[in-house]
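Trainee: below are the sequence and a predicted model for it; my questions follow.
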Amino acid sequence: MLHPTVRLIVWGVMTVLVQWLPLGGLLLACVLALGTSAWLSPRRLGLLVKRTRWLIVSLVLLFALATPGAYLLPSLGSLGPTDEGMRLGFEHLLRLVFVLASLAVLLQVTGLEGLVTGLHGLIWPLTWLGLDRGRVALRLMLVMHYVEQSPPGRQWREWLQGEVASGEPMRLRLQAVPLRAVDFAVLAGLTFAVAVFIGAAS
């Protein structure tokens, strides 16, 4: 299994590169991500889609109604969707779905502690500026723990008022796992793949 930091880097690179994929490659990537997510983490995928449903609707409507082009419903005039807008909206919808599906897989296979460990390694360069990455990582772990354990009906105002659940003191553990040879190999291969992709795109 790859180091959590490497998983975060791979996911981040994929979400960036997918923005430049043509429609055919984008469709394939989206189908693969959705299939993997539906198999490994269907609950997380459903939760992410549910929480972003209004963003998805707004994204499609924005491109469909605000992009100049040939009107699909001429009777509506400028209030109707355009062919170019629908195409752009569909492409951006696929990109958003890919990000959500791949994020669901990342969260499922990495877990809370692994995610924080990955972030702990990812922000290592910021220690040169005096940032205490251990403190940042532990605070993030604490926030994510309360978010996951909070009741479904909990309101954000309760968090601002400091109304947290009482109980036994929680012990947080941050594991600093060193990178292995396979992690460096994946990073090297990823760097080469990005260079080839950029060269082909330009």
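Mentor: Perfect, I can see it now. What you see is a predicted model; the values in this text were computed from it and never measured.

Trainee: neighbouring contacts of stretch 45-61?
Mentor: With contact meaning Cβ atoms under 8 Å, 6 or more residues apart in numbering, stretch 45-61 is reached by 34, 37, 38, 89, 90, 92, 93, 96, 100, 101, 103, 104. All C-beta atoms are positioned from the backbone trio N, CA, C, and that covers glycine.

Trainee: who are the packing partners of the helix ranked longest in the chain?
Mentor: When the chain is parsed with DSSP state H, its longest helix is helix 83-122. If you count contacts as 3 or more Cβ pairs under 8 Å, 6 or more residues apart in numbering; DSSP states H and E, helix 83-122 packs onto helix 4-17, helix 23-40, helix 42-51, helix 53-66, helix 133-149.

Trainee: tell me which of these sits most buried.
Mentor: Greatest average neighbour count among the helices and strands packed on helix 83-122 goes to helix 4-17 (a mean of 18), per mean count of other Cβ atoms under 10 Å.

Trainee: for the residue of the chain positioned farthest from its centre, give me the pLDDT.
Mentor: For the chain, the C-alpha farthest from the mean C-alpha position belongs to residue 75; by Cα atoms, centre = their mean, that distance is 39.5 Å. Residue 75 is assigned a pLDDT of 82 by the prediction.

Trainee: before we move on, the earlier item: can you tell me which two in the contacts of stretch 45-61 are farthest apart?
Mentor: Spatially, the most separated pair among the contacts of stretch 45-61 is 38 and 89, at 23.2 Å (Cβ to Cβ).
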